[in-house]
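K.L.:
Below is the sequence, then the predicted model.
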Amino acid sequence: MRPIEVLLVEDSPTDIALTREGMEVAKFANRLTVVEDGADALDYLNGHGAFGDRRLPDLILLDLNIPKVSGFDVLKHIKESEQLRQIPVVVLTSSKDEQDVARAYREFANCFISKPVDFGKFADIVRAIDSFWFSIVALPSR
């Protein structure tokens, strides 16, 4: 079985560390790649520049509030791309705004999760993401 590739698009060092820790606790993902802004996310996904040898992720964890290119614009690009649209996108953000939730689903996010502040709850969410996306759901092979 090949390694699970996860792309985390997140600019907060604290949230990056929490996600890494949560994934370690949940024993989730064999490979986590982190990009800290929307421009790097688009370069990574399109294989541009330093990301020319990247492997497409099996799952994208996307914060909405990122610099350079917004998370909504990254999401829109992914879902409009023939090559990328089948990759599940989990919006994992601090926003609880109903308008953000509605907009994320209008842009075809696969799910929207508001990040909890408590690490234990965050680890539970990471475990649930792992269980759902990699144990229950059938994903296309690459």
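P.N.:
Nice, I can see it. Keep in mind that this is a model prediction, so the values were computed, not measured. Numbers count the residues shown, from 1 in each chain.
K.L.:
how about low-confidence regions in the protein?
P.N.:
Scanning the chain for pLDDT under 70 picks out the ranges 1-2, 26, 28-29, 142.
K.L.:
residue ranges for the helices of it, please.
P.N.:
Shown for the chain, the helices assigned by DSSP state H span residues 13-26, 38-46, 71-80, 98-106, 119-131.
K.L.:
Nearest to residue 5, out of those?
P.N.:
The stretch from the helices of the chain with the least distance to residue 5 (C-beta to C-beta) is helix 38-46; that distance is 11.0 Å. In this view, the C-beta of every residue, glycine as well, is placed from N, C-alpha and C.
K.L.:
Sort out which residues of the closest one are buried, please.
P.N.:
For helix 38-46, the neighbour count (16 or more other C-beta atoms under 10 Å) marks 38-45 as buried.
K.L.:
So which other helices or strands are in contact with it?
P.N.:
In terms of contact count using 3 or more C-beta pairs under 8 Å, 6 or more residues apart in numbering; DSSP states H and E, helix 38-46 is assigned the packing partners strand 5-9, strand 31-35, helix 71-80.
K.L.:
can you tell which of the ones you listed is closest to residue 90?
P.N.:
For residue 90, the closest of the helices and strands packed on helix 38-46 is strand 5-9, at 9.5 Å, according to C-beta to C-beta.
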